[in-house]
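A.B. asks: model this:
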Amino acid sequence: MSHAINHLLIGGLIIMTMGISTATTASENNLKLTIVNPKTLYDPSPNGYSTAVIAPSGGRVAYISGQGGQDNTGALSPDFAVQVKQAYANLGAALDALGAKPDQVAKLTIFVVDHDMSKLEVLTRNVKEMFGATLPAQTLIPVPKLAIDPMLFEVEATVILE
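C.D. replies: All right, here's what the predicted structure looks like:
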């Protein structure tokens, strides 16, 4: 099957559209993500993520740029927990702009300044509040600094659009 790939950049969101053959249409596919947590591996779901996620055939992929903890005025709280909560609210707003829901997020990459184990409870609580049982695959990357000095947390997402 030949694929036509188009990219569209919209206010920090990259949408990649793959053309599919006329023999396979979105209405013929179940466009839900499949969560995979193999029994032979540690179950990461208590920590707020899944081992792997399978994207459905025929779905369009959208990439949401890193969302920090800035409020709508651009202000950042100095508190890590407040930034994390706001960053996930910002991610929710980006999903809304795409017409997507949290259960369409296949992968998160999170960046934490000066990460230590004390921050895991805040991270896990916020992921579970947003995603419930449909936990995306996730990678946490500790970093010494982010783009703006007071920024302590950033989350980016890969979303499968229906």
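A.B. asks: Do a quick rundown of the helices in the chain.
C.D. replies: For the chain, the helices defined by DSSP state H cover 80-98, 120-131.
A.B. asks: Show the average pLDDT along the longest one.
C.D. replies: The pLDDT scores in helix 80-98 average 97.
A.B. asks: show me the contacts for V159.
C.D. replies: Contacts for V159 (Cβ atoms under 8 Å, 6 or more residues apart in numbering) come out as 61-64, 95, 98, 100, 104-106. To be clear about C-beta, it is placed using only N, CA and C from the backbone, and glycine gets the same treatment.
A.B. asks: isn't F153 right next to F80, touching?
C.D. replies: Yes - using Cβ atoms under 8 Å, F153 is in contact with F80, at 6.6 Å.
A.B. asks: And those two? Which one has more around it.
C.D. replies: F153 (29 against 18; other Cβ atoms under 10 Å).
A.B. asks: And that one, what's its pLDDT?
C.D. replies: F153 carries a pLDDT value of 98.
A.B. asks: measure it to D103 for me?
C.D. replies: 22 Å (Cβ to Cβ, to the nearest Å).
A.B. asks: now swap in S77 and tell me
C.D. replies: 28 Å.
A.B. asks: Could you do I35 as well?
C.D. replies: From I35 to D103 the distance is 10 Å (Cβ to Cβ).
A.B. asks: Specify which residue of those two has the higher count of neighbours.
C.D. replies: Higher neighbour count among I35 and D103: I35, with 19 against 16, using other Cβ under 10 Å.
A.B. asks: Next, the contact list for the nearest residue to G99 once chain neighbours are set aside, please.
C.D. replies: Distances taken as Cβ to Cβ, 6 or more residues apart in numbering place L161 nearest to G99, at 7.4 Å, with adjacent residues excluded. Contacts for L161 (Cβ under 8 Å, 6+ apart) come out as 15, 59-62, 98-100, 104.
A.B. asks: ok so, going back, adding distance to A147, write the contacts of V159 out as TSV.
C.D. replies: Shown next, in TSV, are these (distance: Cβ to Cβ, whole Å):
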residue	distance to A147
V61	24
A62	21
Y63	17
I64	16
L95	21
L98	22
A100	24
Q104	26
V105	22
A106	24
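A.B. asks: That concludes my questions; thank you for your assistance.
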